[in-house]
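Asker: please find the sequence and the predicted model below.
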Amino acid sequence: MIFPPLLSKILNTMSINVGTRLRSVRTSFGLSQRELARRAGVTNGLISLIEQNRVSPSVSSLKKVLDGVPMSLAEFFTLDLSAAPQAFFGAAELVELGNAEVSLRLVAAQRAGRQHTLLHERYAAGAATGEEMLAHRGEEAGVVVRGRIELTVGGASRVLGPGEAYYFASQLPHRFRNVGREACEIISACTPATF
């Protein structure tokens, strides 16, 4: 799931030299500026300008460039390029991407080349992903662990409870809303990695 305000929040709270970071990521994946530009569908000049910190890319521009690696925005900002891949994660190591109403705890945020997003989601009673329907490329699936969630996909809605699951193409407009009186917990996955 992509929450545009959330992406801006990530960018605003991180104090990272985007140009230096992009150069490090690009070279660690063995890509030239020209090859990254070709893969991302942008000009070679844009990659060069970002790496020299001569332009500050918008969230959407940076996301487009990172799609050429491929790498999510969260991974770009949290990745430790010098560390060996981690296999196990304590509860405190999950990166919180949400808020008090809709908690989205990301597993393996720092993992290089992560191909999917795995989230431990928690929706407070009455909380929702927003009034607007979400839509993005890829597929997503999840299992309700506790509580009840109303999921709307396209023109269809269904309330799911513990043990029930979903799987759909993320291009279809969708929205999540907790219709119960208790918190709802979901374990979800989305591919390709959007966070």
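Answerer: Perfect, thanks for sending it.
Asker: hang on, Arg177 in a strand?
Answerer: Yes. Assessed with DSSP: H, G, I helix; E, B strand; the rest coil, Arg177 lies in a strand.
Asker: verify the stated contact: it with Thr129.
Answerer: Yes. Using C-beta atoms under 8 Å, Arg177 is in contact with Thr129, at 7.4 Å. Just so you know, the C-beta spots here come from the backbone N, C-alpha and C atoms, and that holds for glycine as well.
Asker: tell me how far stretch 186-195 lies from the chain's centre.
Answerer: 7 Å (C-alpha atoms, centre = their mean, to the nearest Å).
Asker: so for it, what gets flagged as buried?
Answerer: For stretch 186-195, burial by neighbour count (16 or more other C-beta atoms under 10 Å) applies to 186, 188-195.
Asker: same thing with stretch 99-113?
Answerer: Neighbour-count burial for stretch 99-113, counted by 16+ other C-beta under 10 Å, picks out 102-112.
Asker: how far does it stretch from start to finish?
Answerer: 26 Å (C-alpha to C-alpha, to the nearest Å).
Asker: please enumerate residues in contact with that stretch?
Answerer: Stretch 99-113 is contacted from outside by 1, 6, 28-29, 71, 74-75, 78-81, 83, 85-86, 89, 94-98, 114, 117-124, 127-129, 195, using C-beta atoms under 8 Å, 6 or more residues apart in numbering.
Asker: one more: stretch 114-127?
Answerer: 71-72, 75, 94, 97-98, 100-108, 142, 147, 149, 176-178, 180-195.
Asker: measure it end to end?
Answerer: Stretch 114-127: ends 29 Å apart by C-alpha to C-alpha.
Asker: do stretch 174-194 as well
Answerer: 15 Å.
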